[in-house]
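**Q** Just to be clear, the model below is a prediction. Sequence and coordinates:
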Number of protein chains: 4
Amino acid sequence: MERNRSGENDEPRRRSPSGAAVMQERVTRAIERAVFREWAATGYAALSMEAVARRAGVGKAAIYRRWSSKLAMVSDVTTRVDLRLAGRVSGGSLKEELAQLLWQFRRLLRNPLVARILPDLHAEMPRNPELAAAIRSNVQINRRGRAEQMLRRAMARGELATDLDTDLALDMLGALIYWRMIVTHQVADDAYLDRLTELVLRALDARDQRTS
Amino acid sequence: MERNRSGENDEPRRRSPSGAAVMQERVTRAIERAVFREWAATGYAALSMEAVARRAGVGKAAIYRRWSSKLAMVSDVTTRVDLRLAGRVSGGSLKEELAQLLWQFRRLLRNPLVARILPDLHAEMPRNPELAAAIRSNVQINRRGRAEQMLRRAMARGELATDLDTDLALDMLGALIYWRMIVTHQVADDAYLDRLTELVLRALDARDQRTS
Amino acid sequence: MERNRSGENDEPRRRSPSGAAVMQERVTRAIERAVFREWAATGYAALSMEAVARRAGVGKAAIYRRWSSKLAMVSDVTTRVDLRLAGRVSGGSLKEELAQLLWQFRRLLRNPLVARILPDLHAEMPRNPELAAAIRSNVQINRRGRAEQMLRRAMARGELATDLDTDLALDMLGALIYWRMIVTHQVADDAYLDRLTELVLRALDARDQRTS
Amino acid sequence: MERNRSGENDEPRRRSPSGAAVMQERVTRAIERAVFREWAATGYAALSMEAVARRAGVGKAAIYRRWSSKLAMVSDVTTRVDLRLAGRVSGGSLKEELAQLLWQFRRLLRNPLVARILPDLHAEMPRNPELAAAIRSNVQINRRGRAEQMLRRAMARGELATDLDTDLALDMLGALIYWRMIVTHQVADDAYLDRLTELVLRALDARDQRTS
DNA sequence: TTCTAATCGAGACGGTACGTCCCGTCTTGCC
DNA sequence: GGCAAGACGGGACGTACCGTCTCGATTAGAA
């Protein structure tokens, strides 16, 4: 497992433009790029701050000035991926919206970086309350909020009972794909998602309003 | 993140019994215990052989004599734990058996060592094919097998349709509790398990045969 | 043979002065002191880099950054000590200068560090050409040179024959005290040095010029 | 620096002859042979008990049953060499006996094993009182005693003054050769020994009785 | 001749040190 | 004041020996 040697950094090192706080931004970008490259090359556990700094052509201090630890850096960088990969959910029926949600989630989990860092984050959470809080507020609530809105819209349309067990319903939307892809590492192809959609609708006792 | 200091090992160090080749067995046990405790405390990536040796009151060589690497040690030791914690499932109806299964799974995940080790394991699997294979064959298949037998018994009793989507059904049995307890760290109290039981039965389109 | 335990280092660890690149110099000094202390306590063969680092309150890397091996460190550090301990020799007569030389040498050998390090050095020399060369050029030639000048001055004054066997004479000046103090570990008190002075003068066939 | 591998021992391993306490003797011999071979191959510092045991085809316990440490083993084995190399001193005159003594000493110090282990012993003595006592009683007193008898014979013959400073005289006999060969590593050829003989006689104020 | 005690080779035991790498912090001098 | 560079103390890596201890087999001398 060969690492970078001195001078093998990927950044062009043009200091001259001499703008202002432009440099800091450039440094940040260079670090982010380096994190992704190193991560892909070595995996999370073997990802060393030294290698990231070397690859980015940056001092270690510049990294620690921005993030307090490898995990913090990595989870922050990851968050950007998450947001970029998330999309809007809208459609005429619960079934359509549900399918969009599941497909989006699958797309997210198919991103190799996400698939590798998510379990790391979940594993670290019980050992690291601050991280846990950050993840919960930034990622889960966000995602859960969007799913909840979808359910509420379906209730408003009469597709779902208004006394639905929302809590449990929301768990179902994330749990099965995560379990399938991250925990048991089985395939989750289109057919599986179709079957899963039907299962969820059945479990939620959904009624199709359009055909009535 | 506090580690052991010199002399803080957990083993009583009684050499005197002096029986036979008992010592080697005792050393092995001490190492296994230490692996679990260290793992729970620091996580897989930060699990150091030195800390394990220190905690077990053992020389590093004694560990390397048994396993060639951290991975080998960890995947060997891991395969022992699940079997010990698993129980039997039997009862008159699908609902009863399902409840037993869910309660057992919750008991397993409430074990702090397991709760901390499992996500680490899943995080490590995609980076480590050998470990993944070991886990899959020793743990998951075993557990999935027991759940599948439960479903088959219910089919035989007429509680489930014989064309049931078993694959998806099995996912449901593990996914939600795991998601709830390990991924999102929400509470999974008795009421939640009750609601979950009902949800699963509804999703599987189960029919209660006793009342007919 | 007790070694240092954690925290028992001899250095006060005051980082605050914060002057300039003073730190590197301070670290170097601390290592040198530690080398001498450890050497005297355990001998060259048992001198471990870890013990030196511990005693100096320094990381091992700080040592290896300065010297590539134990030998390099030791032979470099050694060459500094002799010069500091040497003194001037001057006086009206050969007898007086000779006495000064012997007393100086005794003072050197009475330094416990020197008394323990010198024989180690001589023991190591035949096994280690580089060390031998370093010692020879830095220490022995220096010392021998000063003694030779003393003899030449005595010749100029007519106290010694000009065809004196200088080689042998120089051996005599060092050999007996070393043998007495280092090899056989007998006492070398003032009376002994007086008797030795007379013996040397007799062996060299010296003539006192002042009384003529 | 290649060492022995398992099975590469030099001893034929014939247990069958089944004599009596013959085995212990055979083991002892095998160890001694192995010590010399290893020593020659690696030097004292790198001489490991494991390698000696391996080379001798013997368990480590068999060595430690005989000697308490590497140094004890080595100095014991060395002693046998010393005794074998020592000879008698006898002749008609002090000059002749003195020459014999010096030549014998040179022969001893020319033995590479002796030349390497003697300084090790002297270096270890101040750190190891037991070893010091053993060396002093077994080696030095022995040797010093033989030299003293030579001086007494010379006094009886009238070649030396009866009020001779014996202490100092004895030092001279050992000091210069040791200094020359072991400490400064200069050559000590026949011419040097001749000159040294003359120097000693002059220092002792010896009178040749045969020509008078 | 049988039994008991000692010794054998083998190798596991708890340790220490090796020289290297990386951690996260701190210092320096350039820009 | 942020930057890159890199030294700092620290700790873990996997290996080699240390000196001790345990093992079952072999050998010893006394009963």
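**A** Yep, it's here. None of the values given here were measured: they were computed from a predicted structure.
**Q** Looking at stretch A:32-47 now, give me its mean pLDDT.
**A** Mean pLDDT, stretch A:32-47: 82.
**Q** just stretch A:190-205 next, same as before
**A** Stretch A:190-205 comes out at a mean pLDDT of 94.
**Q** Show me which residues of it are buried.
**A** For stretch A:190-205, a neighbour-count test (16 or more other C-beta atoms under 10 Å in any protein chain shown) marks A:192-193, A:196-201, A:203-204 as buried. All C-beta spots, glycine's among them, are computed from the backbone N, C-alpha and C.
**Q** By mean pLDDT, point me to the weakest helix or strand of chain A.
**A** helix A:70-85 (a mean of 73; mean pLDDT, DSSP states H and E).
**Q** What helices and strands are in contact with whatever helix or strand comes next after that one?
**A** Following helix A:70-85 in sequence order, the next helix or strand is helix A:94-110 (DSSP states H and E). In this structure, helix A:94-110 makes packing contacts with helix A:70-85, helix A:112-124, helix A:141-157, helix A:166-178, helix A:190-203, judged by 3 or more C-beta pairs under 8 Å, 6 or more residues apart in numbering or on different chains; DSSP states H and E.
**Q** and the helix or strand sitting right after the second one along the chain, which residues are buried?
**A** Sequence order places helix A:129-135 as the next helix or strand after helix A:112-124, per DSSP H and E. Within helix A:129-135, the residues that qualify as buried are A:131-132, A:134-135, counting by 16+ other C-beta under 10 Å.
**Q** How about stretch A:53-66?
**A** A:53-58, A:63.
**Q** Over to stretch A:45-52?
**A** By neighbour count with 16+ other C-beta under 10 Å, stretch A:45-52 contains the buried residues A:45, A:47, A:49, A:51-52.
**Q** That one and DNA strand F, any residue contact?
**A** No - judged by C-beta under 7 Å from any atom of the strand, stretch A:45-52 makes no contact with DNA strand F; its nearest approach is 9.0 Å.
**Q** what sits up against that stretch?
**A** A:1, A:3-4, A:31, A:34-35, A:38-39, A:42, A:60, A:63-64, A:70, A:73-74, B:44-45, B:124, B:127 (C-beta atoms under 8 Å, 6 or more residues apart in numbering or on different chains).
**Q** Which residue does chain A have closest to DNA strand F?
**A** Per C-beta to the nearest atom of the strand, residue A:59 is where chain A lies closest to DNA strand F, at 2.9 Å.
**Q** Now do the contacts for the residue lying closest to that residue once chain neighbours are set aside.
**A** Leaving aside its sequence neighbours, residue A:59 sits nearest to residue A:53 (C-beta to C-beta, 6 or more residues apart in numbering or on different chains; 6.3 Å). Going by C-beta under 8 Å, 6+ apart, residue A:53 touches A:31, A:34, A:59-60, A:62-63.
**Q** Check the residues you listed against residue D:184 and report the nearest one.
**A** Lowest distance from residue D:184 to the contacts of residue A:53 (C-beta to C-beta) belongs to residue A:60, with 51.1 Å.
**Q** Okay, and the nearest residue to that closest one once chain neighbours are set aside sits in which element?
**A** Nearest non-adjacent residue to residue A:60, counting by C-beta to C-beta, 6+ apart: residue A:53, 4.7 Å away. Using DSSP H and E, residue A:53 maps to helix A:49-56.
**Q** Next, see if that helix gets close to DNA strand E.
**A** Yes - Helix A:49-56 reaches DNA strand E (C-beta under 7 Å from any atom of the strand) through A:49-51.
**Q** which among those residues gets closest to chain C?
**A** For these, the minimum distance to chain C (C-beta to the nearest C-beta) is 13.4 Å, reached by residue A:50.
**Q** Model confidence score at the closest one, please.
**A** 89.
**Q** which helix is the longest one in chain A?
**A** helix A:22-42 (DSSP state H).
**Q** what angle sits between it and helix A:112-124?
**A** 90 degrees (axes from the mean of the first three to the mean of the last three C-alpha atoms, to 10 degrees).
**Q** Against residue C:120, how distant is residue A:195?
**A** Computed with C-beta to C-beta, to the nearest Å, the distance linking residue A:195 and residue C:120 is 79 Å.
**Q** what does residue A:115 give?
**A** 60 Å.
**Q** Show me which of the two is the more surrounded one.
**A** The neighbour comparison of residue A:115 against residue C:120 (other C-beta atoms under 10 Å in any protein chain shown) goes to residue C:120, with 24 against 16.
**Q** and the more buried one, what does it touch?
**A** C:39, C:43-45, D:119, D:123.
**Q** Name the nearest residue to it, sequence neighbours excluded.
**A** residue C:44 (4.1 Å).
**Q** If you tally nearby residues, what's the number for the one you found?
**A** A count of nearby residues for residue C:44, using other C-beta under 10 Å, gives 22.
**Q** Can you confirm whether stretch A:138-154 lies near chain B?
**A** Yes - counting by C-beta under 8 Å from any C-beta of the partner chain, chain B has neighbours in stretch A:138-154: residue A:140.
**Q** how distant is that stretch from the center of its chain?
**A** 15 Å (C-alpha atoms, centre = their mean, to the nearest Å).
**Q** Distance of the closest residue to residue A:103 other than its chain neighbours relative to chain B?
**A** Leaving aside its sequence neighbours, residue A:103 sits nearest to residue A:193 (C-beta to C-beta, 6+ apart; 6.5 Å). The gap separating residue A:193 from chain B is 11 Å, by C-beta to the nearest C-beta, to the nearest Å.
**Q** wait, what's in contact with residue A:193?
**A** Residue A:193 neighbours (C-beta under 8 Å, 6+ apart): A:99, A:102-103, A:106, A:177.
**Q** ok, 10 Å please
**A** By C-beta atoms under 10 Å, 6 or more residues apart in numbering or on different chains, the contact list for residue A:193 reads A:98-99, A:102-103, A:105-106, A:176-177, A:180.
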